[in-house]
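sequence and predicted structure below; questions after.
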Amino acid sequence: MKMPHLCLQFCMAALLTAAEPGYPGFAAATVHPLATEAALKTYQKGGNAVDAAVAAGLALGVVDGHNSGIGGGCFFVIRAADGSITCVDGRETAPAGAHRDMYVVNGRVDDEASRTGALASGVPGALKACELAVKKHGRLPLAELLKPAAEIAEKGFELDEVYARKLAATASKLKRFPASAALFFKPDGTPLKKGDRLVQKDLAATCRAVAEHGVSWFYEGEFARKVEAWMKENGGILTAADMAGYKALEREPVRASYRGHEVVAMPPPSSGGVHVAQILQMMEHFSIGGMSDAQRVHVITEAMKLAFADRAHWLGDPDFVRVPRGLVDPGYAKDLAAKIDLGKAVRVPSHNMPPHWEGDVFGKHTTFLCTADAEGNWVALNQTINTAFGSKVIVPGTGVLLNDEMDDFAVQPGVPNAFKLIGAEANAIAPGKRPLSSMSPTILFKDGRPVLVTGAAGGPTIITQALLLISNVIDCGMEPNAALKQPRFHHQWAPDELKIEKSFGDATLAELEKLGHRLDRSSGFGACQAITWDAERRLLVPAHDPRVPGRADGR
């Protein structure tokens, strides 16, 4: 295998051969050194991996605020020290005033309204999810975990290349909203650049108010009232009542197997867990580790196409639609694998029909980081405000960037969203409904012990990044840092094109074209984190994606 590739989340793997840096007590991997530092300090104060993940996630909302924050949502997959599994759903919900055709104006879809401005935001769920995770499995109060975020926001930090690049790309939209413009632009009207210091006094005050008064201040108090007032002035529909009614939920995980490992992942409204499991189970019918680069990419791509076709039709909020459990049935995966032609790319016209789709359904009820500790707590945390800087709206006086998660619904069946994903009726807008997500926090077990935790950032490529990391570790026997360097690729059924990193080399790319794949060449995409367990040395080994700034460390 060549060495230049992918992934963004936290993971732990089973078999390591080289002595990568490992830690006996605790490990964390995030996309920003200050967030990893927040995790380490939390552990040193007596917190466990759950506390550390929450502290790191809240810090990322400050230093990686273009990706996530308390104005957005998140998913936790937690394996607690007592062996229990908890999946916390902090996904945003559609406001009560939302409706199926809210973006149809004069018979045409205004898809920009679902991405920018007052109509783009769902009810944020991140803080409620953090509170639930800490109450269930943490040691420290949420107020303590908010301190690093508040301190970083108040003191400021220097923008890295990624933050500055995304700010420049989004500047024209951010300028439309006075509080956003005041924060991100210099007096001469130009956006902050790499190396400039971003100070967020209002966000620091918001974090401290939540720490002092509790999460209710955010959902039922002053913050909720400020959101409603701004929305009324700007044509939005999000209300204080929507905020007060939000609930984070616990859900049963998706469980599947892959080459002797148990895969435990986030269930719907995440599509990630379902389709990571579905694609892996298709891959199990092929000798992936012994294939050439081109053949491996071809087989996995064909499996991706089949899974994403199913995603477009079947997936949605299980509290509103029937999402078949048969999507992760091993027999169904075998039937889908039989459709893969080793000699050519095959067109996938539509979704397939999983077994018992009428009755056996999932029960009701982007950035990635991961943590693990010696007690046996493992945490995979994905959080997001959706596209860069979310709705581009900072609510005046709060410092909080609101999400644009309404674009993750099918704004109309068959209309692509910002990530070119197509959805059907299952993901149509409805009041209180949670939009479909690609976030894929995943933990792998071997003989009952957690051995790998992973996930990623990058829209729908989150799903494919996570499964490629898993395949690189299990099928190819790679250590996590090496696995994260490998070239990555992604296919989401529609559009019918294979997004692939050019580092595979011209010969492999040419061979894939001969097999019938239409290539979208990329210099690099996504971000994936991981933590693995070195059984021989009995150490936790964190790893972070070399494509983005970040830090993997431990104690």
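Cool, got the structure. From a predicted model like this one, the values you see are computed outputs, not experimental measurements.

and the helix or strand in which residue 170 is found, what's buried?
For residue 170, the host element (DSSP states H and E) is helix 161-174. Under the neighbour-count criterion of 16 or more other C-beta atoms under 10 Å, helix 161-174 has 162-164, 166-167, 170-171, 173-174 buried. Placement of C-beta: from N, CA and C, glycine included.

what sits against residue 60?
Counting by C-beta atoms under 8 Å, 6 or more residues apart in numbering, residue 60 touches 30-32, 35, 67-69, 367, 369, 383.

re earlier: packing partners for the helix holding residue 170?
Helix 161-174 sits against helix 178-184, with contacts defined as 3 or more C-beta pairs under 8 Å, 6 or more residues apart in numbering; DSSP states H and E.

domain ranges for this structure?
Structurally, the chain divides into domains by automatic domain parsing as follows: 32-250+382-421, 253-365+440-554.

I'd like the mean pLDDT over the longest one, please.
Within the predicted structure, the mean pLDDT of domain 32-250+382-421 is 96.

same check on the shortest one?
Mean per-residue pLDDT for domain 253-365+440-554: 93.

okay, the domains of the chain in CSV with distance to residue 24 next?
Output for the domains of the chain, formatted as CSV (distance: least, C-beta to C-beta, whole Å):
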stretch, distance to residue 24
domain 32-250+382-421, 12
domain 253-365+440-554, 6
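
figure out which of those domains is closest to residue 374.
Closest to residue 374 of these is domain 253-365+440-554 (C-beta to C-beta; 7.5 Å).

start to end distance for that closest one?
Start-to-end span of domain 253-365+440-554 (C-alpha to C-alpha, to the nearest Å) is 27 Å.

how far does it sit from its chain's centre?
14 Å (C-alpha atoms, centre = their mean, to the nearest Å).

any idea how far the most centrally placed residue in the chain is from residue 328?
Closest to where the C-alpha atoms of the chain average out (C-alpha atoms, centre = their mean) is residue 439, at 3.4 Å. Distance, residue 439 to residue 328, by C-beta to C-beta, to the nearest Å: 17 Å.

what is the neighbour count of residue 476?
16 (other C-beta atoms under 10 Å).

from memory it sits against residue 289, does it?
Yes. Contact criterion C-beta atoms under 8 Å: residue 476 and residue 289 qualify, at 5.4 Å.

in the stretch 401-550 of the chain, what residue spans correspond to helices?
According to DSSP state H, counting those that start in this stretch, the stretch 401-550 of the chain carries its helices in the segments 461-474, 480-484, 506-514.

can I get the longest one in CSV, CA atoms only?
This means helix 461-474. The C-alpha trace of helix 461-474 is given here as CSV (Å, rounded to 0.1, in the frame of the first residue of the first chain):
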residue,chain,number,x,y,z
THR,A,461,-17.4,11.5,3.4
ILE,A,462,-17.6,11.0,7.2
ILE,A,463,-19.1,7.6,6.5
THR,A,464,-16.5,6.5,4.0
GLN,A,465,-13.6,7.9,6.0
ALA,A,466,-14.6,5.9,9.0
LEU,A,467,-15.0,2.6,7.2
LEU,A,468,-11.7,3.1,5.3
LEU,A,469,-9.9,3.7,8.5
ILE,A,470,-11.4,0.5,9.9
SER,A,471,-10.5,-1.4,6.7
ASN,A,472,-6.9,-0.1,6.7
VAL,A,473,-6.4,-1.3,10.3
ILE,A,474,-8.2,-4.6,10.1
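
quick one: list the elements packing against that helix.
Here helix 461-474 touches helix 272-283, helix 293-314, strand 442-446, strand 449-457, helix 480-484, strand 489-490, strand 527-534, going by 3+ C-beta pairs under 8 Å, 6+ apart.

now the shortest one
Identification of packing neighbours for helix 480-484 by 3+ C-beta pairs under 8 Å, 6+ apart yields helix 461-474, strand 527-534, strand 539-544.

quick revisit: return the helix holding residue 170 as CSV; C-alpha atoms alone will do.
Extracted C-alpha coordinates of helix 161-174, given in CSV (Å, rounded to 0.1, in the frame of the first residue of the first chain):
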residue,chain,number,x,y,z
GLU,A,161,-4.7,27.9,8.0
VAL,A,162,-7.9,25.9,7.9
TYR,A,163,-9.9,28.4,10.0
ALA,A,164,-8.6,31.4,7.9
ARG,A,165,-9.3,29.6,4.6
LYS,A,166,-12.9,28.8,5.6
LEU,A,167,-13.4,32.3,6.8
ALA,A,168,-12.2,33.8,3.6
ALA,A,169,-14.4,31.4,1.5
THR,A,170,-17.5,32.4,3.6
ALA,A,171,-16.8,36.1,4.1
SER,A,172,-19.4,37.4,1.7
LYS,A,173,-22.2,35.6,3.6
LEU,A,174,-20.9,36.4,7.1
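
list the beta-bridge partners for the closest residue to residue 67 other than its chain neighbours.
Closest residue to residue 67 apart from its sequence neighbours, by C-beta to C-beta, 6 or more residues apart in numbering: residue 367 at 4.3 Å. When bridges are called by DSSP bridges, residue 367 pairs up with residue 383.

how about residue 367, what does it touch?
8, 30-31, 60, 64, 67-68, 382-384, 457, 527.

how near is it to residue 263?
In this view, residue 367 and residue 263 are 22 Å apart by C-beta to C-beta.

check residue 245 too.
Residue 245 is 34 Å from residue 263, by C-beta to C-beta.

who has more neighbours, these two?
Shown here are residue 245 and residue 263; by other C-beta under 10 Å, residue 263 has more neighbours (23 against 15).

could you double-check that the more buried one sits in contact with residue 276?
Yes. Between residue 263 and residue 276 there is a contact at 7.0 Å, judged by C-beta under 8 Å.

shared neighbours, these two?
442, 470.

count the neighbours of residue 389 for me.
28.

part of a strand, is it?
No. Judged by DSSP: H, G, I helix; E, B strand; the rest coil, residue 389 forms no part of a strand; its state is coil.

state the distance from it to residue 511.
39 Å.

next one: residue 89
With the distance defined as C-beta to C-beta, residue 89 ends up 42 Å from residue 511.

those two: who's more crowded?
Taking neighbours as other C-beta under 10 Å, residue 89 and residue 511 compare with residue 89 leading, 28 against 18.

tell me the secondary structure of the more buried one, please.
Under three-state DSSP, residue 89 comes out as strand.

Provide the partner residues of it in its beta bridges.
On the basis of DSSP bridges, residue 89 is bridged to residue 75, residue 249.

surely it is in contact with residue 248?
Yes. Contact criterion C-beta under 8 Å: residue 89 and residue 248 qualify, at 6.4 Å.

find residues that contact each of the two.
Among the neighbours of residue 89, those also in contact with residue 248 (C-beta under 8 Å, 6+ apart) are 125, 129.

what about residue 532, neighbour count?
The local packing of residue 532 (other C-beta under 10 Å) involves 31 other residues.

now the angle from the one helix or strand residue 77 maps to to strand 442-446?
Per DSSP H and E: residue 77 is located in strand 73-79. Interaxial angle of strand 73-79 relative to strand 442-446 (axes from the mean of the first three to the mean of the last three C-alpha atoms, to 10 degrees): 10 degrees.

tell me what strand 73-79 is packed against?
The contact analysis (3+ C-beta pairs under 8 Å, 6+ apart) places strand 73-79 against helix 49-63, strand 85-90, helix 126-137, strand 261-265, strand 378-384, strand 442-446.

so for residue 417, which of those sits nearest?
strand 378-384 (13.5 Å).

ok, residue 475 touching residue 284?
No. The pair residue 475 / residue 284 is not scored as a contact, 9.6 Å apart, by C-beta under 8 Å.
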